[in-house]
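> Turn this into a model:
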Amino acid sequence: MRIGLMGGTFDPVHYGHLKPAAEVKARLELDKLWLLPNHIPPHKAKATASSKQRLAMLKLACDEFPDMDICDIELKRNAPSYSVATLEALQQAFPGAEFQFIMGTDSLLSLPSWHQWQRLFSLCNLVVCQRPDWHLPKDAEIQTELAQRGCSVTQALAARVCDDANGNGSSGGIEKAQYGKIISLSVKPQPFSSTAIRRAIAAGDINACRAAMPKAVLEYIVANRLYLGG
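Modelled structure (predicted):
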């Protein structure tokens, strides 16, 4: 069973999360796509909405995207949501599964700052959702890791696949993938961000958010008076 994992604070969840996740699931023909809400995100400020509220919004979002499920393992752990710890726990719970960890190019750039980040390559494959106009800086620390895997940054972010098996790359799918691959997908850009949504709601501009998320999620936000600010 091949499972895609998309982590995040989802504060709130929006189409900028959901549509790329659906695209990845379809293009890689994953068996499952799990949304993985953080409890204590190591690299971001504390979430504005509570874990319970963010989970409720994700459940509403999944009503519109029934092919997705929620994995709340990090919400149940009162500790920083380190991806390495989460993947280790998931491998123990689902020993027959193969995990594809989905991230954006900004996360790829910051990967060397993650807790025990190099261990990720023994726990999952990385699926990088690439925006068409994005370029990785030449001095990015992640370049060293890519070089060790036998491909350049340009290759890794041009729908090429890098792995750690003697530097052999492949442009095919991941049907027989072993952990340690970096798989880049160019996905349709989505003009939404949680930060912009929170700012719009705080300014009273609810209409600006209607196209950004499922209707039920926005109704939940309004009903619970989330993100209204001080």
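> In this protein, what residue spans correspond to strands?
Counting by DSSP state E, residue ranges of the strands within the chain are 2-8, 32-37, 68-70, 98-104, 125-130, 161-162, 182-186.
> lowest confidence element among the helices and strands of this structure?
Ranked by mean pLDDT, DSSP states H and E, the weakest helix or strand in the chain is helix 153-156, scoring a mean of 46.
> just to revisit the earlier point, looking at the strands of the chain, which has the lowest confidence?
Confidence, taken as mean pLDDT, is least for strand 161-162 of the strands of the chain (a mean of 50).
> This protein: helices as residue ranges?
Secondary structure of the chain (DSSP state H): helices located at 15-28, 51-64, 83-93, 105-110, 142-148, 153-156, 194-202, 215-223.
> And those: which comes nearest residue 6?
For residue 6, the closest of the helices of the chain is helix 15-28, at 4.9 Å, according to C-beta to C-beta. Every residue, glycine included, has its C-beta placed from N, CA and C.
> List the buried residues in the closest one.
Within helix 15-28, the residues scored as buried using 16 or more other C-beta atoms under 10 Å are 15, 16, 17, 18, 19, 20, 21, 22, 23, 24, 25, 28.
> Residue 120 is nearest to which of the helices of the chain?
Between residue 120 and the helices of the chain, the tightest spacing by C-beta to C-beta is seen for helix 83-93, at 6.3 Å.
> so what secondary structure elements neighbour the closest one?
In this structure, helix 83-93 packs against strand 2-8, strand 98-104, with contacts taken as 3 or more C-beta pairs under 8 Å, 6 or more residues apart in numbering; DSSP states H and E.
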